[in-house]
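# Sequence plus predicted model, see below.
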Amino acid sequence: MPNDHDAHRPAEIAALIEQVGVAKARLPLGQMLTLAVLAGAFISFGAAGYLMVMTGADAGFGPQRLLGGVVFSLGLSGLAG
């Protein structure tokens, strides 16, 4: 039962996601290429950070692997750059 929050029913969520997807598919080519390049840059930031954290780490060392995952996630979000 929706209240004053921004809650939506599953069918409404699916419709909203579809609208966003269609809008992104209709972006001009230049804007789409720019977003594609930025996506690749964020993935590379995450991978570079992960490699810096994990270089020389023992494969079974749990906390360092967790830190590597956190650093990779931060790189994907653009917060590490």
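Everything's here; your move. Everything quoted here is computed from the prediction, not taken from an experiment. Residues are numbered from 1 along each chain as shown.
# Please point out which parts of whatever helix or strand residue 49 lives in sit buried.
Assigned by DSSP states H and E, residue 49 belongs to helix 29-54. Residues of helix 29-54 classed as buried: 42, 45-46, 49-50, 53-54 (neighbour count, 16 or more other C-beta atoms under 10 Å). (Glycine included, C-beta is placed from N, CA and C.)
# Adding distance to residue 33 and pLDDT, write those residues out as CSV.
Putting the buried residues of helix 29-54 into CSV (distance: C-beta to C-beta, whole Å; pLDDT from 0 to 100) gives the following:
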residue, distance to residue 33, pLDDT
42, 15, 85
45, 19, 84
46, 21, 85
49, 25, 84
50, 26, 85
53, 31, 82
54, 31, 82
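# Serialize those to a markdown table and add fields for distance to residue 35.
Formatted as a markdown table, the buried residues of helix 29-54 follow (distance: C-beta to C-beta, whole Å):
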| residue | distance to residue 35 |
| --- | --- |
| 42 | 11 |
| 45 | 15 |
| 46 | 17 |
| 49 | 21 |
| 50 | 23 |
| 53 | 27 |
| 54 | 28 |
